[in-house]
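Trainee: Here you go, sequence then predicted model.
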Amino acid sequence: MNNYMKMTTSHLTIDSDYQRVQLAVLGAPGVGKTSIVRQFISNIFEEEYRPTDTKQVYYPSVIINDHLYELKIIDCPYIPYFPVNSLYEWTDYRGYGLRNASAYILVYDITTEESFHYIKNIRDQILESRDMHDIPLFVVGNKYDLSDDRGISRREVASLVKKHWKCGYIECSAKYNWHVILLFKELMKNIDYIDYGHKPTSLRVQDALRNNRCVIL
Ligand SMILES: Nc1nc2c(ncn2[C@@H]2O[C@H](COP(=O)(O)OP(=O)(O)OP(=O)(O)O)[C@@H](O)[C@H]2O)c(=O)[nH]1
Ligand SMILES: [Mg+2]
């Protein structure tokens, strides 16, 4: 059997107190945040650039190594700065909820150095704003298909991110769906399995499968 079996995914509205792994996807405009999320969720890629103007939230369930993760993926519009406290969250609604994420995916475009500077700044702001104990940051260099036009050396970025930031790093191409699944798999390895309430995992897996909203990675 294919190691990636996609059954379906969905865009559900679920009780706000339902415990899930919240992944916030951040990055400069046009780096491919929406494209990565949409490839992962629906295997769709659009050439035409339509900037995200309001936060988009997706709720896929994924099974990795027999563990069920109920994800909440937040595809953020460009935010000029990370909300440093709850007041900022309220004043700029685009950043609302970002301080509660259980992991951050910081995306840059390998062809533009500025997009890497953006995630450097955002990372500094995240670290200043909240306790990051057990909250993984994962850096993604997107648009690998354009690597002939690389704007910043891979070695430089990988060494900074892996050695100094102690974060995961992966390059992908949302356009060709290359390494998109791998990126989520790698990220989930960094997130300890979370025990969701009283229901045993096997029952939750069955529920998810029955509701046709499960991706097996
Ligand atoms: N060649 C190539 N183009 C890509 C790739 N990923 C995204 N794009 C293109 O880059 C443009 C921007 O992609 P989006 O996914 O909308 O970028 P975004 O980061 O969500 O942008 P904002 O919502 O404005 O912050 C679109 O024209 C995409 O088709 C990729 O891997 N390779
Ligand atoms: Mg977008």
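Mentor: It's in. Ligands and ions are numbered 1, 2, ... in the order given.
Trainee: For the protein, list the residues in contact with ligand 1, please.
Mentor: Taking Cβ under 6 Å from any ligand atom as the contact definition, the chain meets ligand 1 at 27, 29-35, 46-47, 49, 51-52, 77-78, 142-143, 145-146, 173-175. Glycine gets a C-beta too; all of them are placed from N, C-alpha and C.
Trainee: Out of those residues, which end up buried?
Mentor: When burial is judged by neighbour count using 16 or more other Cβ atoms under 10 Å, the buried members of the residues of the chain next to ligand 1 are 27, 31-35, 52, 78, 142-143, 173-175.
Trainee: Among the residues of the chain next to ligand 1, which are located in strands?
Mentor: Among these, the members falling in strands are 27, 142 (criterion: DSSP state E).
Trainee: Now go through the residues of the chain next to ligand 1 and say which are in helices.
Mentor: Among those, the members found in helices (DSSP state H) are 33-35.
Trainee: lowest average confidence, helix or strand, in this protein?
Mentor: Of all the helices and strands that make up the chain, the one with the lowest confidence by mean pLDDT, DSSP states H and E is strand 5-6; it has a mean of 37.
Trainee: Now Glu114. Nearest residue, chain neighbours left out?
Mentor: Among residues not flanking Glu114 along the chain, Ala28 sits closest, at 6.8 Å (Cβ to Cβ, 6 or more residues apart in numbering).
Trainee: Touching, that neighbour and Asn121? I think so.
Mentor: No. Distance between Ala28 and Asn121: 9.8 Å, which falls outside the contact criterion (Cβ atoms under 8 Å).
Trainee: Counting neighbours, go ahead and name the busier of those two.
Mentor: Ala28 (20 against 13; other Cβ atoms under 10 Å).
Trainee: ok, the more buried one - contacts?
Mentor: When the contact criterion is Cβ atoms under 8 Å, 6 or more residues apart in numbering, the partners of Ala28 are 78, 108-109, 112, 114-115, 118-119.
Trainee: cool, Asp109 as well?
Mentor: Taking Cβ under 8 Å, 6+ apart as the definition of contact, the neighbours of Asp109 are 27-28, 30-32, 115, 141-143, 151.
Trainee: same thing with Tyr108?
Mentor: The neighbours of Tyr108, taking Cβ under 8 Å, 6+ apart as the test, are 27-28, 31, 115-116, 118-119, 139-142.
Trainee: Please name every helix or strand in contact with the lengthiest strand in the chain.
Mentor: With DSSP E applied, the strand covering the greatest number of residues in the chain is identified as strand 67-75. The criterion is 3 or more Cβ pairs under 8 Å, 6 or more residues apart in numbering; DSSP states H and E, and the helices and strands that strand 67-75 contacts are strand 21-27, helix 33-42, strand 56-58, strand 61-64, helix 201-210.
Trainee: which helices and strands does the fourth one pack with?
Mentor: Contacts defined by 3+ Cβ pairs under 8 Å, 6+ apart place strand 61-64 against strand 67-75, helix 180-189, helix 201-210, strand 214-216.
Trainee: what are the pairing partners of that strand, and which direction each?
Mentor: For strand 61-64, the paired strands and their directions (DSSP bridges) are strand 67-75 (antiparallel), strand 214-216 (parallel).
Trainee: now swap in the first one and tell me
Mentor: Sheet partners assigned to strand 21-27 using DSSP bridges are listed as strand 67-75 (parallel), strand 103-109 (parallel).
Trainee: check whether it contacts ligand 2.
Mentor: No. With Cβ under 5 Å from the ion as the measure, strand 21-27 is seen stopping short of ligand 2, the closest distance being 8.5 Å.
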